[in-house]
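Engineer: here is my input; please provide its structure:
(2 chains)
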Amino acid sequence: MATEVRRRRLRVCYRVAPVVLTFALLGCSQRAGDLTAATAASTPATDEANVVYDTTAPKPVPPRDVLEEWAQERGADLKLIDKLVDPRTPVPAFDRTPLTSRPADARISADAPTLDDRNPFPPPVPLPPKEVTIHVGIARSTYRTREREEVLSAAQPFIDLTQRDVNVRGAPVLHDTPDEIYYGLLEGREQMVISDVFDYLLVRSWFASVSDNAAALLGWAAPAHPRTTELDRGLPGVPGTSIELVVARDSKYQRPADLKGARLALAANYVNAPGAFLTRMLIDLGHPLEQPFFGHVTLRRYPKDAVIDVLKGKADVACVDQGTMGALDRFYGIQRHLRTLAVSPRYNVDVLYTSENNIATHRTEIELTQRQLNTLAKDPEGQEVLFFFDQAGWHNYRDGDIAVAREHFDDFLAFRERTPADLQPLLDPQAPIDRRTYDRFGDE
Amino acid sequence: MRGVFLVGLVSCGWLATGCASSVKREPVVQFPPPPQYPADHRYTLDELVQLSIYRNASLDVARYEAEAAQGLVDQVKALWLPTLRYDFVATAFDNDLSYRVRAFNLATINVPITGAYNLTNSLALAQIISTGGKRTSGLKQAKMFATIKKLDVLRQQDAIALDVATYYQLVCLTSDIDAVLDDTLRRIRVFRQVAQELNQRGSLRASQLDYLQADFFASQLEQLQIAVRAGRQQAYAALQQAAGLNPDEPLLLRETALPAPLTTLDWISASAAVVQGFLARPENQQVNLFTKIREEQVKFAKAAWAPNIAFLGNAVAITGNHNTILNAIDGLIASFIIDVPIYDPARRGRLREALGLEQASLAFQKQVEQLITLEIDVTALDAQKGLATVFRAARARQVAAEHYDSARQAYSRELIPASGVVTAIGLDALAKIGHLQALFNYHNARAKLKRVTVDREAQYGY
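Structural biologist: Numbering: from 1, shown residues only, chains lettered A, B, ... in the order given. The predicted structure is shown next:
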């Protein structure tokens, strides 16, 4: 029985031995090939062609004993298992897809877009060149003491804004006199004009004699910082559009009549409203216009200098607009040193107008430009353009808006036609002007 | 067969007990249904915070980890239940494993112990009867651990709500600053253009320096605007992520402006915030449970001296050829095991370790409580500082606006040069940005305060 058992065992051994031997040989044959990989950790590879560099592989660690070497080489048994199971147990490949990117028209909120995918920060796009299709006249009576270059430069942002917003390119044309305005409109050289309201009324009166044509008032400008005094608080018209006669607070002048022989200071090129006001005053005083009323009349470069002259005692009275008085009072607090002796009606207003011949030829451009002017106060560029002229904004004309100016138009005509002797320098381009000016500290 | 029947009876008993206990119905706890919004919905901050609770993936990680911890509790609870196993074994031999019996010392008889093959069917029932408190202590620890994991969901929820609020507020801040910069840039460009035009026309009213100053200022603003717009986009992307939305999912905000300044009624009590936060913070509750676990581990270590008692029951059926002896052990085997540890010095080491860790956890709890108190205190002061700063910044903004308007008026009357206005525009922009920054700081401090005091019910209101 035992013999039989031994025999059986031997048979099993003979059958198993070749299998084990084959496995062992396989392991050994693998060893040569796999040695590189297996010992990559311990020795640098020499066969460059068979090397795959991988920064995730461990740096070589020299084995310190047989066990460590065995562990690093892994042995034939493990390699056999590798061979058998590795092909069936591959590490799954990365099979995820990237998340879909944000749509091009995505928005953060209704008024905030997301940035462009390729060019998130584009430089500002310059305006393309465009032919001028409308000319706008700007009268001296509206830019007053400013230089021509200043007006042309300040108008440029408005022109660009109009082109950008409504695709109409305009060009400014400066005028010194109402005659130039009239002919510019009549001959269609200019399509719109900005001037003082009295210039408009004058041009309008001239258009009245032209058949099938007329001046058309489009809008008017409100002052940026309207000032009112006790004397004009209840007056009709737009607040802040009066002219003031200002004297030193402690001076002897109580009424306009007291100013006879006093030294008057007023700004050169600030003509229409002061001229109409002073002419009316002289007429009301019953003073003959051809004779001087004031002791001395000085034309100053800027209205502020006329007021500071009164403060400094260089003049007895200054005739200036309320905008200047408001600015000086806010800047220096000078009201405590000055007193307003008289104020004019509220007619120192700037207006925008055109003529019927231009409406016939340039209706769209005129409407778009006027709309642009009316919305200037709503955007930052517009506000800056407006403030160059100390204006708060432009409004469409409605009946009655310039009623005060119409009512006192005769005063303006009297000033132009029967110019008082004191005011003749205002209309004389050659009249001497005191161009010295005070700095911000009040020093000359 | 008798044994199998008995085991089946016991199992049915257990099951019946389980069914009977389910008669008392517990409220079903489930995740609430998510809010539904149309694709073009404009989200408020509060809605986004709500959305993040449903959509943020980190919260799902925390929730499922908490659920996994409940599985651990079930594992420990199962120690009170028996285990029932069925085993089938097929065995083959090349020897009949005969046992030589010398009968009466006269003759030798080969008694076969087993045949060439055997098939064994067995059913094993095990029931732990007592562990001397180890099992109860383990369950307590597992339950506390599960509660810690559940509290962690709330902790993360609060942290994500703060993230959402911060990113939302950053989008608002950057949008507001962008608007200020845009406004300032457009104004400065007017000045630059006018100065350049004057220069080109040869006017003495402006010099190249005026143009260069305006140009430099504009270029600085442009750089700042690029940074701010990029910041807005980044904050928006982070907001989308925090709310749990993919980039291609629409997220339209209702407002991209910081809400108006607050009233003086909004003053915050720092001490009240500390009390509220201390009691409500999940971290405080977590660390408290952690301490209790350590305490329980001391009991667990002490219980190692207690005996373990268990019952084992086996039902075995063996079939095969010529298995004369093994067939004889067919049937039911019942064992009652009492395992008394008599000498195991490692237990003392484990108890010493548990005692040390218990004290360490108490110290850790103290440290966390101090840190949380400090955090609430500091955040409350931040909110108070933010509110006070907002009022001052609003005043500064008002002053700068007046300064700017005054400068514009003065320039239009030739009282100051153009550079004065450019400076005024710069100051105005600076004050506006300063005010927005203060407003952001305040709102963000409020959001942090909401987080540190666990004020989940309070609405952001925007």
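
Engineer: tell me which residues of the helix or strand hosting A:Phe158 come out buried.
Structural biologist: Per DSSP states H and E, A:Phe158 falls inside helix A:148-166. By neighbour count on 16 or more other CB atoms under 10 Å in any protein chain shown, the buried set for helix A:148-166 is A:149-163, A:166. No exception for glycine: its C-beta is placed from N, CA and C like everyone else's.

Engineer: and the residue positioned nearest the centre of chain A, how far from chain B?
Structural biologist: The residue lying closest to the centre of chain A (CA atoms, centre = their mean) is A:Glu381, at 3.1 Å. The gap separating A:Glu381 from chain B is 5 Å, by CB to the nearest CB, to the nearest Å.

Engineer: over to A:Ala315?
Structural biologist: 18 Å.

Engineer: touching, B:Thr108 and B:Tyr99? I think so.
Structural biologist: No - counting by CB atoms under 8 Å, B:Thr108 sits too far from B:Tyr99 to count as a contact (10.5 Å).

Engineer: the residue in the stretch 51-200 of chain B that chain A sits nearest to: how many residues sit nearby?
Structural biologist: Of the residues in the stretch 51-200 of chain B, the one nearest chain A is B:Glu197, at a distance of 3.5 Å by CB to the nearest CB. Per other CB atoms under 10 Å in any protein chain shown, the neighbour tally for B:Glu197 reads 20.

Engineer: same question, A:Val343
Structural biologist: 21.

Engineer: flag the shaky bits of the stretch 301-450 of chain B, pLDDT-wise.
Structural biologist: B:321-329 (pLDDT under 70).

Engineer: and it, which residues reach chain A?
Structural biologist: Residues of the stretch 301-450 of chain B lying close to chain A by CB under 8 Å from any CB of the partner chain are B:Ser406, B:Arg408, B:Gln409, B:Ala410, B:Tyr411, B:Ser412, B:Arg413, B:Glu414, B:Leu415, B:Ile416.

Engineer: would you list the residues you listed in a markdown table and tack on distance to A:Asp196?
Structural biologist: As requested, those are exported to a markdown table (distance: CB to CB, whole Å):
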| residue | distance to A:Asp196 |
| --- | --- |
| B:Ser406 | 26 |
| B:Arg408 | 22 |
| B:Gln409 | 20 |
| B:Ala410 | 23 |
| B:Tyr411 | 22 |
| B:Ser412 | 17 |
| B:Arg413 | 18 |
| B:Glu414 | 19 |
| B:Leu415 | 23 |
| B:Ile416 | 26 |
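
Engineer: which SSE is immediately downstream of the helix or strand containing the residue nearest to the centre of chain A?
Structural biologist: Per DSSP H and E, A:Glu381 falls inside helix A:380-388. Using DSSP H and E, the helix or strand that follows helix A:380-388 in sequence is strand A:391-396.

Engineer: tell me where the chain has strands.
Structural biologist: Because you didn't say which chain, this covers chain A. Listed from the start of the chain, chain A has strands (DSSP state E) covering A:107-109, A:112-113, A:134-139, A:170-175, A:192-196, A:215-223, A:243-248, A:263-267, A:296-300, A:317-321, A:338-343, A:350-355, A:391-396.

Engineer: that's the other chain; I wanted chain B
Structural biologist: B:42-43, B:83-92, B:98-103, B:107-112, B:117-130, B:252-253, B:308-320, B:331-339.
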